[in-house]
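Colleague: sequence and computational prediction follow.
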Amino acid sequence: MKIQFEIINPVKHSSWNDSILDDSRCTIFHSSNWASVLSESYNYKPLYFMLTLNGHSTALVATMEINTALTEKRGVSLPFTDYCDPILADGVVFEDIMNGLIEYGDQAKWKSFEFRTENPLSAKIPLSSQFYGHTLDVSGDEKSIVSAFRDSTRRNIRKAEKEGVVVTIAQSQDSVKEFYDLNCVTRREHGLPCQPYIFFEKIYSHIISKKLGIVAIATKDGVNIAGAVFFHFGNRVIYKYGASNREYQHLRANNLIMWKAIQWYCGQDYHRFDFGRTEQGNDGLLQFKRGWGAREYPINYYKYDFRRRAFVADPIKATGLHNCIFRMMPLPLLKLAGSVLYRHAG
């Protein structure tokens, strides 16, 4: 029996996506498209660890190496990603691959290795942080899907339609730019810097233009009031980014956007519609996502500290004084802050 670790850069493998599509556990986040977005936007190094046993692939851990002066060198599976589970063949457990990852991290002088997963890595490993995920089965007909919605969700969809909100589904570069403008306003309202525009340019180049995603823009009397970005791969869809103008919140445009996206994907051989990651304390967003009849489940984050030789608790600090500072910044300065800071965040 011969066990080997092979390190692959999926960006350089033209057939990478075809090789993983047969596994229903793979998502857009395992694809070469998402690897290209992350590596080209932030200069991260793709290191996709493939474990082979007697010449056959038995495990995949998609990883980016982040190396900056602020956060030191570390491995993340994967940065700016809701979740990206290790793909393990039957009979393979996480402990089978962890020793090899630790050995590589030691040699590379990593500070830490982070895993972001839908499924628990192991009952023996403590969590770093935990979030909520929500998933909706869209393999049935529209009528059966709508029947699971809360009454308030259906009312909000009807209200948006009655108020004259119009949702357009697009895959154009202009639609990405329109979303980015809305997103910057939303980020400031939340006290967060804007992602650099190059990040959304790469999303367009590697995902939207490749027909692996859509942009939904809601308008009222010709004014863009809300938007969302969705990715799709295999039989799974994920709601990745959302934005809206608070002045038009009463029109419930976000409800109509989500419904139009569900309609767009329904009947196209997609089975699972994921609503993305939600922080445990974000009650408003949780109520919004729970209104669609989606199944709620935990998203688990783990962090291995190479200096302490152990998995450690390291909750993500979402709020603080920095949020107040960012809310007061003019948009040009907020965009500049994002272009400087996001590469270090990962």
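Modeller: Sure, I can see it.

Colleague: C-alpha from now on. contacts and neighbour counts both.
Modeller: Noted.

Colleague: dump the residue contacts of residue 339.
Modeller: Residue 339 is in contact with 194, 195, 196, counting by CA atoms under 8 Å, 6 or more residues apart in numbering.

Colleague: scan those and report the most crowded one.
Modeller: Using other CA atoms under 10 Å as the neighbour criterion, residue 194 leads those with 26 neighbours.

Colleague: would you mark the buried spots in the longest helix along the chain?
Modeller: Secondary structure of the chain per DSSP state H: the longest helix is helix 173-189. Within helix 173-189, the residues scored as buried using 16 or more other CA atoms under 10 Å are 173, 175-176, 178-189.

Colleague: skip ahead from that helix and say which helix or strand is next.
Modeller: Counting by DSSP states H and E, the element after helix 173-189 in chain order, helix or strand, is helix 197-203.

Colleague: C-alpha coordinates for whichever strand or helix holds residue 337, PDB please?
Modeller: Element membership for residue 337, per DSSP H and E: helix 331-345. Extracted C-alpha coordinates of helix 331-345, given in PDB (Å, rounded to 0.1, in the frame of the first residue of the first chain):
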ATOM      1  CA  LEU A 331     -17.100  55.700  -0.300                       C
ATOM      2  CA  PRO A 332     -13.900  56.400  -2.200                       C
ATOM      3  CA  LEU A 333     -11.900  56.000   1.000                       C
ATOM      4  CA  LEU A 334     -13.900  52.900   1.900                       C
ATOM      5  CA  LYS A 335     -13.000  51.400  -1.400                       C
ATOM      6  CA  LEU A 336      -9.300  52.200  -0.900                       C
ATOM      7  CA  ALA A 337      -9.500  50.600   2.600                       C
ATOM      8  CA  GLY A 338     -10.900  47.400   1.000                       C
ATOM      9  CA  SER A 339      -8.300  47.200  -1.700                       C
ATOM     10  CA  VAL A 340      -5.600  47.400   1.100                       C
ATOM     11  CA  LEU A 341      -7.200  45.200   3.800                       C
ATOM     12  CA  TYR A 342      -9.000  42.300   2.100                       C
ATOM     13  CA  ARG A 343      -5.900  40.500   0.900                       C
ATOM     14  CA  HIS A 344      -4.800  40.200   4.500                       C
ATOM     15  CA  ALA A 345      -8.200  39.100   5.800                       C
END
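
Colleague: now the angle from that helix to helix 173-189?
Modeller: Going by axes from the mean of the first three to the mean of the last three CA atoms, to 10 degrees, helix 331-345 is angled at 90 degrees with respect to helix 173-189.

Colleague: how far away from the center of its chain is helix 331-345?
Modeller: Centroid separation for helix 331-345 versus its chain: 19 Å, with CA atoms, centre = their mean, to the nearest Å.

Colleague: what average pLDDT does that helix get?
Modeller: Averaged over helix 331-345, pLDDT sits at 87.

Colleague: flag every buried residue along it.
Modeller: For helix 331-345, the neighbour count (16+ other CA under 10 Å) marks 331, 334, 335, 337, 338, 339, 341, 342, 343 as buried.

Colleague: okay if I get those as a markdown table plus distance to residue 40?
Modeller: Converted to a markdown table, these look like this (distance: CA to CA, whole Å):
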| residue | distance to residue 40 |
| --- | --- |
| 331 | 24 |
| 334 | 21 |
| 335 | 18 |
| 337 | 19 |
| 338 | 16 |
| 339 | 13 |
| 341 | 16 |
| 342 | 13 |
| 343 | 11 |
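
Colleague: closest one to residue 47 out of these, please.
Modeller: Of all those, residue 343 has the smallest distance to residue 47: 17.0 Å, by CA to CA.

Colleague: so what's the closest one up against?
Modeller: Neighbouring residues of residue 343 by CA under 8 Å, 6+ apart: 42, 43, 68.

Colleague: please repeat the previous calculation with a cut-off of 7 Å.
Modeller: Neighbouring residues of residue 343 by CA atoms under 7 Å, 6 or more residues apart in numbering: residue 42.
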